[in-house]
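Just need the structure, nothing else, for what follows:
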Amino acid sequence: MKFRFLSLILLTGSLGAAHAQQAGKPEDTEVYEPVPAVVAPGKTPGAAPADALVLFDGKNLDQWVSTKNSGAKAGWTVAGGVFTVKKDEGNIETKRSFGNYQLHLEWRVPANITGTGQARGNSGLFLASTGKDDLGYELQILDMYQNKTYVNGMAGSLYKQAIPLANPARKPGEWQTYDVVWTAPVFGAGGALVSPAYATVFFNGVLVQNHTALTGPTQYIGKPSYAQAHGPLPIKLQAHGDKSEPLSFRNIWVRELPAAK
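Got it, this is the predicted structure:
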């Protein structure tokens, strides 16, 4: 009986403390400023919202340049509302550099794709390009429909760093979609890393990277690290050197985001 009485006293005290914490008016916790900007969404799923920069609208590659020569136009082939990798032209990247952003991109492996493993529609979306050739932070592009490879190099992986949470790949010949939220790394005095890069990735609408921290730019051999500080960087698409049929891209847009608080 004493134990029950003591429990009742403790419960009553807890309820009283909770009530005291909630004392006041509802409006005490209502915030009215700053008011978020009004952004008209795209008219169809995947369409660019009003505040997006369209990186490819089906007509030209005016927003892109050659990675080998930033003064040269991107030499990939544009036809029928899509553009296709031209391997002898090398990689291409955006004219503009970006910090934090939201990106939408659609890619397609040819229906008649051949090869296996990494030699099957290999390309890469470099979320930030740190220099020429294949340098930067790579989100892998690869045919993963009934195709086996190392799992930290499959489509949806942050190459050699993070295995995707799922494999939602469609068949070759069908369009695949990446929706990415990129948080750029932050460097402090003397180039010291303050905060790593993070990537959230939806692959065909399925979450495959959930605010994943990167340990540095992509390394094909060895461990990545933040060896050099940098600011905003271009977004790059890779013309991979394998012998499989080249990929195509369409409907690419980006929304710049404020720095993380």
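
Can you give me the distance of Ile221 to Phe249?
Separation of Ile221 from Phe249 (CB to CB, to the nearest Å): 28 Å. Backbone N, C-alpha and C define where each C-beta goes, glycine included.

Which one of these two is surrounded by more residues?
Ranked by neighbour count (other CB atoms under 10 Å), Ile221 and Phe249 place Phe249 first, with 23 against 5.

Mind listing the residues bridging to the more buried one?
Phe83, Trp107 (DSSP bridges).

That one touches His104, doesn't it?
No. Counting by CB atoms under 8 Å, Phe249 stays clear of His104, with 11.3 Å between them.

pull the helix or strand with minimum mean pLDDT from the protein.
helix 2-21 (a mean of 51; mean pLDDT, DSSP states H and E).

So what does the nearest residue to Lys68 once chain neighbours are set aside look like in phi/psi?
The shortest distance from Lys68 to any non-neighbouring residue, by CB to CB, 6 or more residues apart in numbering, is to Gly90 (4.9 Å). Here is the backbone geometry of Gly90 (degrees, to the nearest 10): phi 80, psi -170.

mind checking how far Gly90 is from Phe98?
For Gly90, the distance to Phe98 equals 21 Å [CB to CB].

now do Ile113
31 Å.

re the thing from before, beyond the least confident helix or strand of the chain, next helix or strand please.
As assigned by DSSP states H and E, the chain's next helix or strand after helix 2-21 is strand 53-56.

any low-confidence regions in the stretch 151-261 of the chain?
Applying pLDDT under 70 to the stretch 151-261 of the chain picks out residues 241, 260-261.

Kindly recompute the last result at 50.
Along the stretch 151-261 of the chain, segments meeting pLDDT under 50 are nowhere present.

show me where it has strands.
Assigned strands in the stretch 151-261 of the chain, in chain order: 175-183, 186-187, 193-195, 198-203, 206-213, 236-237, 248-256 (criterion: DSSP state E, counting those that start in this stretch).

Tell me which other helices or strands the last one touches.
Strand 248-256 is packed against strand 53-56, strand 82-84, strand 101-108, with contacts defined by 3 or more CB pairs under 8 Å, 6 or more residues apart in numbering; DSSP states H and E.

what's the answer for the second one, then?
Contacting strand 186-187 under the criterion 3+ CB pairs under 8 Å, 6+ apart are the following elements: strand 193-195.
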